[in-house]
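> Got a sequence here, can you build the structure:
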Amino acid sequence: MNKLRKIWQSTLLILFSLVAQADNTMLTGKINALLNGADENITDNIKRHVILLTPEDKLASLCTDPQLSMSGNPRLSGNRTVVAQCGNKKHFLQVRIEAQGSWWVAARELKTGSVLSPNDVVQRSGSLANLPSGVVMNPNDFRGAVLTRPLRTGQPLTQNQLRKKWRINRGEEIDIIAHGSGFHIRSRGKALDNAAINDAIRVRMKSGQLVTGSVNSDGSVRINL
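Below is the predicted model of the structure:
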């Protein structure tokens with residue numbers, strides 16, 4: 001009798017363990033879907049997956065279909081918190097995010113003020129765990145951009161190292177085109193800022209008046225009256 005009881009207890013433990021594993025697999029899948037489909041800073045060339053760090057006993061208290069959301073710093077990898085909402089109760093789950101993707105690095109030594117072209121960078125792929133924040137993954141982010149600091153060969157490109165190429169330089173004499181209902185007026189003024197195409201810029205008119213407009217691709221400034 002005792003032997004049968006022990007066999008039955010062992011069978012129950014195995015069944016409970018299998019159910020828990022299935023539940024955890026489903027939960028992990030839902031978190032992965034959240035990360036790769038609706039989380040912050042996701043791009044097409046990044047793939048992330050999570051490892052649950054929360055103990056089994058805490059996971060067992062979750063409802064069957066919690067509403068999930070991410071909490072904390074939106075970094076691409078490392079430890080983060082997932083908020084699991086069950087009715088009015090919130091559970092905070094600890095996870096580790098592992099990420100794979102592609103990014104861009106300097107192909108050679110580059111100086112401050114360099115205007116970047118595809119020949120200046122090369123693509124690398126692998127784990128994103130040890131990369132700096134704001135690493136550039138989309139080539140559209142660096143094409144025609146200007147470096148604000150020097151880069152070593154192989155150094156990852158980051159957003160804070162780049163700025164747009166100025167279409168107008170501060171102190172430059174520029175054309176001002178003022179648009180109104182059915183008319184436009186062209187005049188001249190002096191730029192008070194550096195500005196790229198579509199940037200807002202302040203201009204001092206010949207009369208001394210200060211106006212703000214938007215930079216056109218031809219280097220003129222558009223002002224709507």
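> List the residues that contact residue 28.
Going by C-beta atoms under 8 Å, 6 or more residues apart in numbering, residue 28 touches 49-52. Backbone N, C-alpha and C define where each C-beta goes, glycine included.
> Buried residues of the strand ranked longest in the chain, list them for me.
The strand that spans the most residues within the chain, counting by DSSP state E, is strand 89-106. By neighbour count on 16 or more other C-beta atoms under 10 Å, the buried set for strand 89-106 is 91, 93, 95, 97-106.
> after that strand, next one along is what?
Following strand 89-106 in sequence order, the next helix or strand is strand 121-127 (DSSP states H and E).
> Name every strand pairing with that following strand and say which way it goes.
Its sheet considered, strand 121-127 pairs with strand 89-106 (antiparallel) by DSSP bridges.
> starting at the chain centroid, how far to the partner strand?
Centroid separation for strand 89-106 versus its chain: 12 Å, with C-alpha atoms, centre = their mean, to the nearest Å.
> before we move on, the earlier item: alpha carbons only: can I get the longest strand of the chain in CSV?
Output in CSV follows, covering the C-alpha atoms of strand 89-106 (Å, rounded to 0.1, in the frame of the first residue of the first chain):
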residue,chain,number,x,y,z
LYS,A,89,-3.6,42.7,-8.8
LYS,A,90,-0.1,43.3,-10.3
HIS,A,91,2.7,40.8,-10.2
PHE,A,92,6.2,41.9,-11.0
LEU,A,93,8.3,39.3,-12.8
GLN,A,94,12.0,39.4,-13.2
VAL,A,95,13.4,38.3,-16.6
ARG,A,96,16.7,38.4,-18.4
ILE,A,97,16.6,39.6,-22.0
GLU,A,98,19.1,38.2,-24.5
ALA,A,99,19.2,39.9,-27.9
GLN,A,100,20.8,39.3,-31.3
GLY,A,101,21.0,41.8,-34.1
SER,A,102,23.2,43.8,-36.5
TRP,A,103,24.8,47.2,-35.9
TRP,A,104,27.4,49.5,-37.6
VAL,A,105,31.0,50.2,-36.7
ALA,A,106,33.7,52.5,-38.1
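> Just the buried ones out of the contacts of residue 28, please.
Buried, going by 16+ other C-beta under 10 Å: 49-50, 52, out of the contacts of residue 28.
> Turn those residues into CSV, including distance to residue 119.
Output for the buried ones among the contacts of residue 28, formatted as CSV (distance: C-beta to C-beta, whole Å):
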residue, distance to residue 119
49, 35
50, 38
52, 44
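> ok, now which ones touch residue 65?
Per C-beta under 8 Å, 6+ apart, neighbours of residue 65: none.
> Now do the same for it: helix, strand or coil?
Under DSSP: H, G, I helix; E, B strand; the rest coil, residue 65 falls in the coil class.
> ok, back up a step: of all the contacts of residue 28, which comes closest to residue 68?
Taking C-beta to C-beta as the measure, residue 68 lies nearest residue 50 of the contacts of residue 28, at 10.8 Å.
> What separation is there between that closest one and residue 79?
Counting by C-beta to C-beta, to the nearest Å, the gap from residue 50 to residue 79 is 10 Å.
> shared neighbours of those two, which are they?
95-97.
> mind giving me a markdown table with those residues and columns for pLDDT and distance to residue 121?
Below are the shared contacts of residue 50 and residue 79 laid out as a markdown table (pLDDT from 0 to 100; distance: C-beta to C-beta, whole Å):
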| residue | pLDDT | distance to residue 121 |
| --- | --- | --- |
| 95 | 88 | 33 |
| 96 | 87 | 30 |
| 97 | 86 | 26 |
